[in-house]
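*Asks:* how would this look folded up:
(2 chains)
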2 protein chains.
Amino acid sequence: MQIIEHAEPSTVDTQATSAEAAPAAEAAPRARRSPSPALLAHLQHTFGARFSRSAAVLLQHGTDESAYAPVPPDAVVFVASTEEVALVVKACAAERVPVIAFGAGSSIEGHLLAVQGGICIDFTQMNALLAVRAEDMTATVQAGVTRNQLNAALVGSGLFFSVDPGADATVGGMIATGASGTNTVRYGTMRDNVLNLTVVTATGEVLKTASEARKSSAGYNLTQLFCGSEGTLGLITEATVKLHPHPEVTAAAVVSFPTVRAAVDCVIQSIQSGVSLARAEMLDALTIRAINAHNSLALAELPTLFLEFSGGQAQVDEQAALVRQIADECGGGAFQWATRQEERSRLWTPRHHAYFASLQLKPGSRCFTTDACVPISVLSDCIQETLADIDEHAILAPVFGHVGDGNFHCLVLVDPNNADEVNAGEAFSHRLVRRALRYGGTSTGEHGVGLHKIGYLLEEHGETAVALMRTIKRAFDPLDILNPGKVVTLD
Amino acid sequence: MQIIEHAEPSTVDTQATSAEAAPAAEAAPRARRSPSPALLAHLQHTFGARFSRSAAVLLQHGTDESAYAPVPPDAVVFVASTEEVALVVKACAAERVPVIAFGAGSSIEGHLLAVQGGICIDFTQMNALLAVRAEDMTATVQAGVTRNQLNAALVGSGLFFSVDPGADATVGGMIATGASGTNTVRYGTMRDNVLNLTVVTATGEVLKTASEARKSSAGYNLTQLFCGSEGTLGLITEATVKLHPHPEVTAAAVVSFPTVRAAVDCVIQSIQSGVSLARAEMLDALTIRAINAHNSLALAELPTLFLEFSGGQAQVDEQAALVRQIADECGGGAFQWATRQEERSRLWTPRHHAYFASLQLKPGSRCFTTDACVPISVLSDCIQETLADIDEHAILAPVFGHVGDGNFHCLVLVDPNNADEVNAGEAFSHRLVRRALRYGGTSTGEHGVGLHKIGYLLEEHGETAVALMRTIKRAFDPLDILNPGKVVTLD
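*Replies:* Numbering: from 1, shown residues only, chains lettered A, B, ... in the order given. Down below sits the predicted model:
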């Protein structure tokens, strides 16, 4: 309660201060729809100690990793089963009170902010591993299982779960945002790795979206419709995901290039040559500088590829030799190699620390993360233009990306107390989205829409497509209680 | 006109004669909704020679590869552009007249039968290759391009389109049914290979479902919703699909096993060992007998795997050696190998002829094709039970399947003039679907719902999910003009 006072919905709007950042204005919340005392009492009675309205708990559940100010919900329930989720949704539907799913809280576009108030459903106690079917190479988990929890449980099975967005996100959260990450070039995005979902609908009914078969043509693809719907069409409570066999051999390499274009070309040509890269990350010179400072390293401050090869020994040797030759032709420098686990970890650690290392470039700064994704043929053009923009506007923004997918991130570092810097950062982010769309790409490759990208959907998809998305939202959630104000608005 | 007389909708029902085959009864058509003379005149005026009501053309466009009797539309228009599709849909929507898309006519579940009459839109003249982006490994095509046309156009590019359902289907048709085929274990289904669609909605509006980026989290997944919707949610007019680099080396192998289980186990263990099989087809002993007779071969009449490996030479050698070892442990016989293109074609020809060879087992017979798909861990159990069922009921049905996906087909051969045989075949097909569902699988892995599988959706997905599919259909096509009576019915 108390915390709600200092976190009125209007605080969401702090970023929409520049004229250029107009799209964010669409995210302005409607009036709160507060639960009645009777509903709160009902939930408290049902969940006991698993119901909370403490200031700290509410604040935590209204906070994500975005630059948005927190917007806490009215209450939090820690659910233990699909049935409990259904119970909460039914109770909220009766009063048209919003329901917001919460996993690890690691989303970065304002997805979980309770902009219209409501009940937050925390899934972290729904973290049971329900089944591992090694022969099928699938696992069924409750939505609150995190990717590290899942992989820890798979030790010894010879299998692993591939989706790795950086944060130790929950499986449910990754499905809801359509997450991906560094393994995507080889193993696909979360969308490619989900087979079947258990979902609670806006009326509190429970369904499974598919069977446990690896493929199906039996009716509309509900699985993919819920995947990436950010809690606005239904609440994912369980999921069957694909697993992959651990490769026999993995080799990691780091190599720098004179230009971003040369680095990107090396990856494109490798993929076109049939090399099945396990990972292919490009870090720009500024990110390398940040990494050097953070890790006391002396990497050449040039555009650099972090690569990973995997498979049988002969396959890895063959593919690595081919990529070395391609890199050479692209003007790449000497390769640093590692094959043993510890060596690989050591070699790749700087990449995994890129985010935190970058933050240290400007201590005390806040960070906007961009998420443009374009066809790989225009990726170097798009990155070059972006670097020129960074230069021209004196923005501080390390750039790195998943080259094989055409997805790259700028970490825009701003002093949160300097309005000019904040505005300049938002304006840069806005220009970057426009640039990505101009290049035939998307405003968000893997972070999702949340609050921050709503204003771009029309520009990206056009009126007819957005109207159809609204039609879907209206059909699935006519009362607009499922994470209202995100992805598409019904006003 | 004339032809419509002898092909009244009631003829669709010929298969629903057995008590066991009850689900087909749900497919019983509603009354025809015939176009007015004014609408026909309008279309004739607009399309000229590309408008037809000739008996032969109507019959052809009311006939697919299923065992259903033809149900011709009221007229056929041969469209040349997205705009023309939109024009037809708008004109039909004004009179609530059905619109049915037609590609290669190779669907096998009654998808294209005009059970409520209406206008058939033939896409075969929309067969332009709009763009090949080699660096992005994508192509954009009009929906009427067939997979062979696309691959012919890609010769010399180093790239190919992977989806191969057997028939030379159109890209639009394959997307609409969620097709797959023998390449799926390596390259995925049609769903996995589609990036962006141009779609005409039920109101004749045009939209693109996505951008040209390889991944996106920007809003609801319209692409996957239209994929597999069988023309019931919108008409796909253009598509951007993924291409793949031709592997450096491809090797094919044929090896027989004492039992179906041994053959299936060999594939499962290979995949679990990280072998990236390019194809893995299992043919049962009866199919081999049919092939031997058809091709004058002397293959051992045992469950047999047709395998394909591809990649770099070292990779292929390494993976083939591993699979040989696994096959040996599973009791497999000697491998026959081929690496040169002609030899591989020769070795694999029998597999590609399996369908026609099987028909020759019973000259003059009609063929029901089943499409069960189950988790691969229970695939051999499911096939064994199916073989026992075939045996017990004296059904004539060669069995073969895409082992890596858990998808297998029985070609049920019946004398169309023998009602007992037809009924026994339908009853067998019914038991097989039930068996697949019992094993956690799906009624259709790649053929789609059409008319034939409608009755199983409830059993497969449950009431809540089917109700949601109906909600989607109603939201997208409130007048029920898009291929009405297929996938879900709105009655």
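*Asks:* just give the number of residues close to A:Thr46.
*Replies:* When counting by other C-beta atoms under 10 Å in any protein chain shown, one arrives at 14 neighbours for A:Thr46. Where C-beta positions appear, they are placed from N, C-alpha and C, glycine not excepted.
*Asks:* now do the helix or strand where it lies: distance to the chain's middle.
*Replies:* Assigned by DSSP states H and E, A:Thr46 belongs to helix A:37-47. Per C-alpha atoms, centre = their mean, to the nearest Å, the displacement of helix A:37-47 from the mean C-alpha position of its chain is 33 Å.
*Asks:* where does the stretch 51-200 of chain A dip in pLDDT?
*Replies:* Applying pLDDT under 70 to the stretch 51-200 of chain A flags no residue at all.
*Asks:* tell me where it has strands.
*Replies:* A:51-52, A:75-78, A:99-102, A:119-122, A:129-133, A:138-142, A:159-160, A:194-200 (DSSP state E, counting those that start in this stretch).
*Asks:* go on, the stretch 351-491 of chain A?
*Replies:* With DSSP E, counting those that start in this stretch as the criterion, the stretch 351-491 of chain A has strands at A:366-369, A:399-402, A:407-414.
*Asks:* those: which one's closest to B:Val57?
*Replies:* B:Val57 lies closest to strand A:407-414 among the strands of the stretch 351-491 of chain A, at 47.7 Å (C-beta to C-beta).
*Asks:* and the closest one, what other elements does it pack with?
*Replies:* The helices and strands touching strand A:407-414, judged by 3 or more C-beta pairs under 8 Å, 6 or more residues apart in numbering or on different chains; DSSP states H and E, are helix A:354-359, strand A:366-369, helix A:379-392, strand A:399-402, helix A:419-438.
*Asks:* could I get the CA-only coordinates of stretch A:304-324 as PDB?
*Replies:* Listed next in PDB are the C-alpha coordinates belonging to stretch A:304-324 (Å, rounded to 0.1, in the frame of the first residue of the first chain):
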ATOM      1  CA  THR A 304      36.000  -8.600 -32.200                       C
ATOM      2  CA  LEU A 305      34.300 -11.900 -32.800                       C
ATOM      3  CA  PHE A 306      33.700 -14.400 -30.000                       C
ATOM      4  CA  LEU A 307      33.100 -17.700 -31.700                       C
ATOM      5  CA  GLU A 308      32.200 -21.200 -30.600                       C
ATOM      6  CA  PHE A 309      32.300 -24.400 -32.700                       C
ATOM      7  CA  SER A 310      30.900 -27.700 -31.600                       C
ATOM      8  CA  GLY A 311      30.300 -31.300 -32.700                       C
ATOM      9  CA  GLY A 312      32.600 -34.300 -33.300                       C
ATOM     10  CA  GLN A 313      36.300 -33.600 -33.200                       C
ATOM     11  CA  ALA A 314      36.800 -33.900 -36.900                       C
ATOM     12  CA  GLN A 315      33.800 -31.700 -37.600                       C
ATOM     13  CA  VAL A 316      35.100 -29.000 -35.200                       C
ATOM     14  CA  ASP A 317      38.600 -29.200 -36.700                       C
ATOM     15  CA  GLU A 318      37.100 -29.000 -40.200                       C
ATOM     16  CA  GLN A 319      34.800 -26.100 -39.500                       C
ATOM     17  CA  ALA A 320      37.400 -24.200 -37.500                       C
ATOM     18  CA  ALA A 321      39.900 -24.500 -40.300                       C
ATOM     19  CA  LEU A 322      37.300 -23.200 -42.800                       C
ATOM     20  CA  VAL A 323      36.400 -20.200 -40.600                       C
ATOM     21  CA  ARG A 324      40.000 -19.400 -40.000                       C
END
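*Asks:* ok, that stretch near chain B or not?
*Replies:* Yes. Counting by C-beta under 8 Å from any C-beta of the partner chain, contacts between stretch A:304-324 and chain B involve A:Gly311, A:Gly312, A:Gln313, A:Ala314, A:Gln315, A:Asp317, A:Glu318, A:Gln319, A:Leu322.
*Asks:* so what's the second one up against?
*Replies:* Contacts for A:Gly312 were tallied using C-beta atoms under 8 Å, 6 or more residues apart in numbering or on different chains; they are A:Glu248, A:Val249, B:Gly274, B:Gln315, B:Glu318, B:Gln319, B:Leu322.
*Asks:* so of those, which ones are in helices?
*Replies:* Counting by DSSP state H, the part of the contacts of A:Gly312 found in helices is B:Gln315, B:Glu318, B:Gln319, B:Leu322.
*Asks:* once you drop chain neighbours, what's closest to the closest residue to chain B within the stretch 1-150 of chain A?
*Replies:* Closest approach between the stretch 1-150 of chain A and chain B, counting by C-beta to the nearest C-beta: A:Glu135, at 3.6 Å. Nearest non-adjacent residue to A:Glu135, counting by C-beta to C-beta, 6 or more residues apart in numbering or on different chains: B:Ser377, 3.6 Å away.
*Asks:* hang on, the one you found packs against B:Ile268?
*Replies:* Yes. B:Ser377 is within contact range of B:Ile268, at 7.4 Å (criterion: C-beta atoms under 8 Å).
*Asks:* show me the common contact partners of these two, please.
*Replies:* Both B:Ser377 and B:Ile268 are in contact with A:Glu135, where contact means C-beta under 8 Å, 6+ apart.
*Asks:* tell me which of the two has more neighbours.
*Replies:* B:Ile268 (23 against 19).
*Asks:* which SSE is that one in?
*Replies:* Assigned by DSSP H and E, B:Ile268 belongs to helix B:260-272.
*Asks:* A:Ala253 too?
*Replies:* Using DSSP H and E, A:Ala253 maps to strand A:249-256.
*Asks:* so which bits of that strand are buried?
*Replies:* Using 16 or more other C-beta atoms under 10 Å in any protein chain shown as the test for burial, strand A:249-256 gives A:Thr250, A:Ala251, A:Ala252, A:Ala253, A:Val254, A:Val255, A:Ser256.
*Asks:* could I get the pLDDT score of the fourth one?
*Replies:* Reported pLDDT at A:Ala253 in the predicted model: 95.
*Asks:* which ones are touching it?
*Replies:* So A:Ala253 contacts A:Leu305, A:Phe306, A:Leu307, A:Glu308, A:Phe309, A:Ala320, A:Val323, A:Phe335, A:Gln336, A:Trp337, A:Ala338, A:Leu347 (C-beta under 8 Å, 6+ apart).
*Asks:* among these, which ones are buried?
*Replies:* A:Leu305, A:Phe306, A:Leu307, A:Glu308, A:Phe309, A:Ala320, A:Val323, A:Phe335, A:Trp337, A:Ala338, A:Leu347.
*Asks:* quick one: the residue lying closest to the last one once chain neighbours are set aside and A:Tyr187, what's the gap?
*Replies:* When the adjacent residues along the chain are set aside, A:Leu347 lies closest to A:Ala338, with 4.3 Å between them (C-beta to C-beta, 6+ apart). When C-beta to C-beta, to the nearest Å is applied, the distance between A:Ala338 and A:Tyr187 equals 21 Å.
*Asks:* now swap in A:Ala327 and tell me
*Replies:* From A:Ala327 across to A:Tyr187, the span is 23 Å (C-beta to C-beta).
*Asks:* same drill for these two, tell me which one is more crowded.
*Replies:* Legend: neighbour count by other C-beta under 10 Å for A:Ala327 and A:Tyr187, higher for A:Ala327 (26 against 20).
*Asks:* on that earlier part again, the buried ones among the contacts of A:Ala253 in strands, which ones?
*Replies:* Judged by DSSP state E, the subset of the buried ones among the contacts of A:Ala253 located in strands is A:Leu305, A:Phe306, A:Leu307, A:Glu308, A:Phe309, A:Trp337, A:Ala338.
*Asks:* related to what we said a few turns ago, which one of the helices and strands packed on strand A:407-414 is the most hemmed in?
*Replies:* Compared across the helices and strands packed on strand A:407-414, strand A:399-402 shows the largest average neighbour count, a mean of 25 (mean count of other C-beta atoms under 10 Å in any protein chain shown).
*Asks:* list the helices and strands it packs on?
*Replies:* With contacts defined as 3+ C-beta pairs under 8 Å, 6+ apart, strand A:399-402 has these neighbours: strand A:279-283, helix A:285-295, helix A:379-392, strand A:407-414.
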